[in-house]
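Peer 1: Just the structure for this:
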Amino acid sequence: MTTDVAVVGAAGYTGAELFRLLVNHSRVNIIGAYGMKNVGKPVSEIHPHLRGIVDMIIEEPDYRKIGREAEVVFIATPHGVAMKFVPELLSGGARVVDLSADYRFDDVKVYEKYYVKHESPNVKGVYGLPELYRAQIEHASLVANPGCFPTAAILSLAPLVKKKLIDLDHIIVDAKTGTSGAGATLTESTHHPIAGANVVAYAATTHRHVPEMNQELSKLAGENVGVHFTPHLLPMIRGILSTAHVFLKKQMEKSALLEIYREFYAGEPFVRVREELPQINYVVGSNYCDIGLEPEAQGKRVVVVAAIDNLVKGASGQAVQNMNIMIGCEETEGLRGPALRP
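Peer 2: Numbering: from 1, shown residues only. Reported below is the predicted structural model:
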């Protein structure tokens, strides 16, 4: 039995990645590709690597029709767009996985502080991090796919935060990312002559993923958590390497810390706890999050490193993982591929 799915936002990088993953999924049937850009063009004209694989025409969306015909709708649009039509999709009977930030926040005022005024504040979604919310995702009508940086940061910190083994007010996260995270629209900072031999720190103290990290880690801890986050743009296409500096309440050995992580993520298909610190090319092209750590020999600082592909576990792969949970199929379906290395 297959599930009919549609993609809204077919022309972007996350839309392309959804198609790449869904065509290898045995339980779905892609019934539509939609967007406000490139209407009338084949998906494979916009994404040439999909030629002969996804050649359907990009249509202008009729949300009422999509809501009636699709069982699951993936929304891969910029922030502030999904909230305009998600209520219509839901009223039509479709279930939705939204890759934007529109439904990630418990408090709409936090969303409005960092993004735009919300047009459907009464519609609530489930935060789509399967490792924390699998049971809720299974029954959700609307899943809010997490941001890429929060995915890496939350997964890297959750075991220590849950057990309150660290100073929750002083969590420092330094993340490196590739240019695809900025999307398909050209900007000066991602233009190759500028980005190609450059490293740039941006939104050093004001990044809008910080409240998302704080929200989820605070819920895990049962009290407020303070994440101090700075991202850096590197001259590579894919991947995030997230390095967290945390401070233990009492000194612990590496073996004991790793055991806490292995216990927390036991049975998780896409989290791999490693003896060594992970590298980006361990995960690029895959849905895995690899985590490693190193405590200071003398002192209480622990460095926790997580690696993900920003377009897969940080976006489209996690969206497919969420869909798998929602429709009751094997969670790894369509996502079993290893990373591309070298």
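Peer 1: Just give me the neighbour total for residue 219.
Peer 2: 15 (other C-beta atoms under 10 Å). C-betas here are computed from N, CA, C, even on glycine.
Peer 1: The one helix or strand it maps to packs against which elements?
Peer 2: If you go by DSSP states H and E, residue 219 is part of helix 210-221. With contacts defined as 3 or more C-beta pairs under 8 Å, 6 or more residues apart in numbering; DSSP states H and E, the packing partners of helix 210-221 are helix 108-114, helix 148-162, strand 227-233.
Peer 1: which residues touch whatever helix or strand comes next after the last one?
Peer 2: Counting by DSSP H and E, the next helix or strand C-terminal to strand 227-233 is strand 240-247. Outside strand 240-247, the residues within contact range by C-beta atoms under 8 Å, 6 or more residues apart in numbering are 148-149, 152-153, 156-157, 160, 166-167, 170-178, 181, 278-280, 300-310, 314.
Peer 1: let's see 6 Å
Peer 2: 148, 152-153, 156-157, 166-167, 170-177, 280, 300-308, 310 (C-beta atoms under 6 Å, 6 or more residues apart in numbering).
Peer 1: partners of it, with directions?
Peer 2: Sheet partners assigned to strand 240-247 using DSSP bridges are listed as strand 171-177 (antiparallel), strand 301-308 (antiparallel).
Peer 1: so of the ones you listed, which one's packed in deepest?
Peer 2: Highest mean neighbour count of the strands paired with strand 240-247: strand 301-308, a mean of 24 (counted as mean count of other C-beta atoms under 10 Å).
Peer 1: tell me the helices in the stretch 51-200 of the chain, going along the chain?
Peer 2: 63-69, 86-91, 108-114, 130-138, 148-162, 192-195 (DSSP state H, counting those that start in this stretch).
Peer 1: So what angle separates the directions of the fifth one and strand 227-233?
Peer 2: Using axes from the mean of the first three to the mean of the last three C-alpha atoms, to 10 degrees, the interaxial angle of helix 148-162 with respect to strand 227-233 works out to 150 degrees.
Peer 1: quick one, helix 148-162 and helix 130-138 angle?
Peer 2: 100 degrees.
Peer 1: State the mean pLDDT of helix 148-162.
Peer 2: Average pLDDT, helix 148-162: 99.
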